[in-house]
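Q: With the sequence up front, the predicted model follows.
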Amino acid sequence: MYRLSQLFVTLFAVALSTGLQGQQVTARVAGLESNAKYMSLLEQEQRLHRTEDSVVQVINDTRKLFTAETTDSEKEQLGTKILQLEKRTLRNPEPAGGHGQ
């Protein structure tokens, strides 16, 4: 049960750090710095990459816990969590045109 609690603390920390990160986005194509739609899409891309990186890290941590010495009940809970996290990485967390807020 301690390992499961540790997982949820990690999930919370990842979610918090993902929400707090706000790096400045720079245009990749000269002359498009003033194009609001272009810059908005770059910001959305950056948010999606941070979310993906965070979820992948949590999945890896969960798999480590899964392979560690755990009870069958804990393995079942961790396995369910792994599947949920993997599904999250395969779908777009933001609607098209949305800004995730």
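A: That came through fine. Numbers count the residues shown, from 1 in each chain.
Q: Check the gap between Thr26 and Ser40 for me.
A: 14 Å (CB to CB, to the nearest Å). (Each C-beta comes from the backbone N, C-alpha and C, glycine too.)
Q: so where do the helices sit in the protein?
A: Listed in chain order, the helices of the chain (DSSP state H) span 2-20, 36-67, 72-90.
Q: The longest one packs against which elements?
A: Here helix 36-67 is seen to pack against helix 2-20, helix 72-90 when contacts are counted using 3 or more CB pairs under 8 Å, 6 or more residues apart in numbering; DSSP states H and E.
Q: Could you count how many residues lie near Glu33?
A: Neighbour count of Glu33, defined by other CB atoms under 10 Å: 11.
Q: Please pull out the lowest mean pLDDT helix or strand from the chain.
A: Ranking every helix and strand in the chain by mean pLDDT, DSSP states H and E puts helix 2-20 at the bottom, with a mean of 59.
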